[in-house]
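Enquirer: give the three-dimensional model of this entry:
(one chain, ligands or ions: 1)
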Amino acid sequence: MAGLTEDDRELFEDEQEERFGKLAAEIKPWDQLRDQLKSDMKRMKKQLPLLKLNQYFILINFANLRLKGESRIEASKNIAKAWHDGEGNWFARRVRDLARYYQTFEHLPAEQRGGMRMNRSWLHREEVKDAALEYLNNLPTGKVTPCIFCRHINGTLFPTLGIKPKNPVSLRTARRWLIKLGWSYSLVKKGVYMDGHERSDVVRYRQDKFLPAMLEFERCMTKYVWDMDKQELEQIAPDLREGERELIPLFHDESSFHHNDFEKSLWLVVNNYQQPLRKKGRGRLIHVSEFINPETGRLVYLDGNGKIVKEARKIIYPGANGDPWWDTDQLLKQMETAIEVFELQFPGKQALFVFDNSSAHGCLRPDALKAWEMNKSDGGKQRHQHDTIIPTSNPDKSKRGLHQSMTMANGQPKGLKSVLTERGFDVGKLRAKCKPVCPIESEQCCMARLLDQQDDFKNQVSMLETFITERGHKIIFLPKFHCELNPIEMYWGWAKYRYREEDKPKFEDAKGAAVKWLDACPLLTIRRFINRSFRFMSAYRKGLTGKAAEWAVRKQKQHRAVSQRVMMDIETILN
Ligand SMILES: [Zn+2]
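Expert: Numbering: from 1, shown residues only. Predicted structure coming up:
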């Protein structure tokens with residue numbers, strides 16, 4: 001990658017994001033955008049300043065060239081040639097920025113200074129914003145659409161607030177408001193709605209826990225920052241304090257390759273009567289569990305000649321007549337190898353394992369404390385649970401810090417009543433468990449709920465976390481629904497795109513192709529994927545969300561953090 005021009009790099013990143021990222025699904029095709037541009041320009045021709053008119057012309061030209069089959073780069077260069085002889089590359093990049101901006105926001109960028117005096121948007125009024133947010137937050141997940149929102153604004157929200165606008169809010173304005181309010185159109189992935197991205201509990205975890213922790217971790221990491229003069233990634237040493245070890249982030253994820261994976265769209269010969277032959281179904285599975293890091297790319301132990309001696313990657317072939325399905329036990333076994341490989345490759349350094357927030361990763365040990373699985377009385381049919389220490393927050397001070405066995409002297413498991421009584425609770429009048437569910441407001445409605453609220457039951461550490469911290473390394477969980485914060489997603493995309501293009505008649509061929517492309521991703525590319533995720537973190541720290549964050553990250557491709565300059569651009573868009 002080192003010898004490539006900036007255009008090549010941009011092309012490469014676009015290929016990644018447009019094929020695998022969310023953008024492909026969100027953005028209108030250029031034929032629709034062109035019609036929109038033409039009608040906008042016609043409508044506003046009389047009142048547009050020359051600059052805006054030029055921008056419309058450029059965008060319509062750009063759309064035409066793209067529809068003719070030219071790439072973004074080609075189209076922008078051709079426009080630059082026609083408009084500005086001599087300043088070619090600089091202007092071409094401006095054209096691409098403008099096109100990207102319009103694709104995302106469907107309007108021209110706001111003027112920096114002076115320019116048109118626009119009426120301020122209704123959304124600037126606090127009561128409008130609050131009412132809109134309240135309405136949107138109360139819609140069931142997946143039900144928010146610009147259309148529903150638009151109807152609500154004109155039909156309910158404005159009349160309720162006594163607002164009588166000259167013109168009703170258009171569908172496009174409603175769409176823009178949605179973006180400003182933090183909604184973004186997203187794909188359904190792994191069976192969950194990605195809309196959860198801005199759910200309040202998820203945001204709280206992201207902003208209050210994950211981002212501050214990562215910032216502190218980042219200080220102890222080697223960074224690879226784009227050097228404009230040298231045109232390469234420059235290594236910047238960590239800022240370590242007394243007794244600190246250098247941290248190396250290892251991003252984990254699992255992914256499956258299907259034997260018969262094909263592109264969603266295919267190149268077909270026009271007027272060919274034959275349908276392309278496709279195998280039935282997607283075929284057998286290749287399941288990969290892997291870690292990537294900025295130092296060696298994949299987690300591997302290399303000998304003096306750079307040859308791989310040992311690696312952490314685990315590939316299985318699950319399904320009928322194949323390997324058993326992937327589970328927590330297999331992950332823990334892989335972790336043993338991963339830590340061994342890490343310590344061989346990076347002696348004296350500390351690993352920061354970054355996992356996604358799936359339930360499998362939060363799996364508790366088999367004898368974990370679970371109040372809801374306990375009976376009221378001792379013995380009988382209930383699971384054995386491990387002993388515990390009565391927490392320092394226990395209401396009865398005399399019991400704090402005491403060891404509590406969860407098993408009776410006769411070897412039978414203790415019930416709810418004994419465990420709570422031993423902690424000094426008076427459970428005489430309390431029922432064992434509410435049926436069918438506990439009332440929301442009370443926390444002391446039943447024994448199970450009461451015990452479940454105690455700190456030793458509430459704050460249990462997952463097996464994965466215990467395994468890693470006991471070995472002197474660190475672990476952090478990504479916020480839910482935030483796949484853009486896991487750079488390994490880009491790595492999967494890189495390998496899968498190439499895997500799909502290959503002919504794989506037999507399953508053995510598929511196995512070979514998957515490994516070949518998983519191994520082929522260059523270290524520099526992996527570093528750029530990792531930097532991209534750090535840019536998203538930087539954008540979220542600055543309070544950006546959804547589309548605005550995405551835009552900032554794209555604008556600052558070569559950097560690791562989102563700069564003040566881009567923040568200012570964004571503020572002019574959003575305000
Ligand atoms: Zn209850």
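Enquirer: contact partners for Leu247?
Expert: With contact taken as Cβ atoms under 8 Å, 6 or more residues apart in numbering, Leu247 is in contact with Phe217, Cys220, Met221, Pro238, Lys349, Gln350, Ala351, Leu352, Lys474. For glycine as for every other residue, the C-beta is placed from the backbone atoms N, C-alpha and C.
Enquirer: including pLDDT and secondary structure, could these go into JSON lines?
Expert: Converted to JSON lines, these look like this (pLDDT from 0 to 100; DSSP: H, G, I helix; E, B strand; the rest coil):
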{"residue": "Phe217", "pLDDT": "96", "secondary structure": "helix"}
{"residue": "Cys220", "pLDDT": "96", "secondary structure": "coil"}
{"residue": "Met221", "pLDDT": "97", "secondary structure": "strand"}
{"residue": "Pro238", "pLDDT": "94", "secondary structure": "coil"}
{"residue": "Lys349", "pLDDT": "97", "secondary structure": "coil"}
{"residue": "Gln350", "pLDDT": "98", "secondary structure": "strand"}
{"residue": "Ala351", "pLDDT": "98", "secondary structure": "strand"}
{"residue": "Leu352", "pLDDT": "98", "secondary structure": "strand"}
{"residue": "Lys474", "pLDDT": "97", "secondary structure": "strand"}
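Enquirer: among those residues, who's most crowded?
Expert: Ala351 (25 neighbours; other Cβ atoms under 10 Å).
Enquirer: which non-adjacent residue is nearest it?
Expert: In this structure, Ala351 finds its nearest non-sequential neighbour in His473, 4.2 Å apart by Cβ to Cβ, 6 or more residues apart in numbering.
Enquirer: also Gln350?
Expert: Per Cβ to Cβ, 6+ apart, closest to Gln350 is Arg245, 4.2 Å.
Enquirer: what's near enough to touch the residue located most distally from the centre of the chain?
Expert: Most distant from the centre of the chain: Asn410, at 50.3 Å, with distances by Cα atoms, centre = their mean. Asn410 makes contact with Gly379, according to Cβ under 8 Å, 6+ apart.
Enquirer: helix or strand: which one has it?
Expert: Here Asn410 sits in a region with no helix or strand, counting by DSSP states H and E.
Enquirer: and what about Leu178, helix, strand or coil?
Expert: With DSSP: H, G, I helix; E, B strand; the rest coil as the basis, Leu178 sits in helix.
Enquirer: report the separation between it and Gly428.
Expert: In this view, Leu178 and Gly428 are 54 Å apart by Cβ to Cβ, to the nearest Å.
Enquirer: so those two - more neighbours on which side?
Expert: Between Leu178 and Gly428, counted using other Cβ under 10 Å, Leu178 has the larger neighbour count: 21 against 7.
Enquirer: so the more buried one sits right up against Ile148, yeah?
Expert: No: assessed by Cβ atoms under 8 Å, Leu178 is found out of contact with Ile148, at 10.2 Å.
Enquirer: what's the burial count for the residue nearest to Ala351?
Expert: By other Cβ under 10 Å, 22 other residues sit near His473.
Enquirer: go on, Pro413?
Expert: Residues near Pro413, counting by other Cβ under 10 Å: 21.
Enquirer: cool, the one 3 residues further on as well?
Expert: Taking other Cβ under 10 Å as the neighbour definition, Leu416 ends up with a count of 25.
Enquirer: what's the separation between it and Met335?
Expert: Counting by Cβ to Cβ, the gap from Leu416 to Met335 is 34 Å.
Enquirer: next SSE after the strand or helix carrying Val419?
Expert: According to DSSP H and E, Val419 maps onto helix 416-422. Going down the chain from helix 416-422, the next helix or strand is helix 447-452, by DSSP H and E.
Enquirer: that following helix close to the ion?
Expert: Yes: Helix 447-452 comes into contact with the ion (Cβ under 5 Å from the ion), by way of Arg449.
Enquirer: residue of the stretch 201-350 of the chain nearest the ion, please.
Expert: Using Cβ to the ion, Asp201 is the residue of the stretch 201-350 of the chain that sits closest to the ion, at 21.8 Å.
Enquirer: what about that residue, which SS state?
Expert: With three-state DSSP as the basis, Asp201 sits in helix.
Enquirer: so what pLDDT did it get?
Expert: Looking at Asp201, its pLDDT is 82.
Enquirer: and Lys381, how close does it get to the ion?
Expert: 21 Å (Cβ to the ion, to the nearest Å).
Enquirer: identify the residues contacting the closest residue to that residue other than its chain neighbours.
Expert: Distances taken as Cβ to Cβ, 6+ apart place Asn375 nearest to Lys381, at 7.5 Å, with adjacent residues excluded. Listed by Cβ under 8 Å, 6+ apart, the contact partners of Asn375 are Lys381, Gln382, Gly415, Leu416, Ala432.
Enquirer: hmm, back to that, what number of residues lie near the residue of the stretch 201-350 of the chain closest to the ion?
Expert: Asp201 has 10 neighbours, counted by other Cβ under 10 Å.
Enquirer: so Tyr102 makes contact with Ile60?
Expert: No: Tyr102 lies out of contact with Ile60 (Cβ under 8 Å); the separation is 10.4 Å.
Enquirer: and Ser170, what does it touch?
Expert: Taking Cβ under 8 Å, 6+ apart as the test, what Ser170 contacts is Cys150.
Enquirer: give me that answer again for 10 Å
Expert: Pro146, Cys150, Ile153, Asn154, Arg176 (Cβ atoms under 10 Å, 6 or more residues apart in numbering).
Enquirer: the first one: neighbour count?
Expert: Think Pro146. The number of residues near Pro146, taken as other Cβ under 10 Å, comes to 19.
Enquirer: what does the stretch 301-450 of the chain have sitting close to the ion?
Expert: So the stretch 301-450 of the chain meets the ion at Cys434, Cys438, Cys445, Cys446, Arg449 (Cβ under 5 Å from the ion).
Enquirer: what does the stretch 1-150 of the chain put close to the ion?
Expert: Residues of the stretch 1-150 of the chain lying near the ion by Cβ under 5 Å from the ion: none.
Enquirer: how about low-confidence regions in the stretch 1-150 of the chain?
Expert: For the stretch 1-150 of the chain, the stretches with pLDDT under 70 are 1-27, 84-88, 110-120, 140-143.
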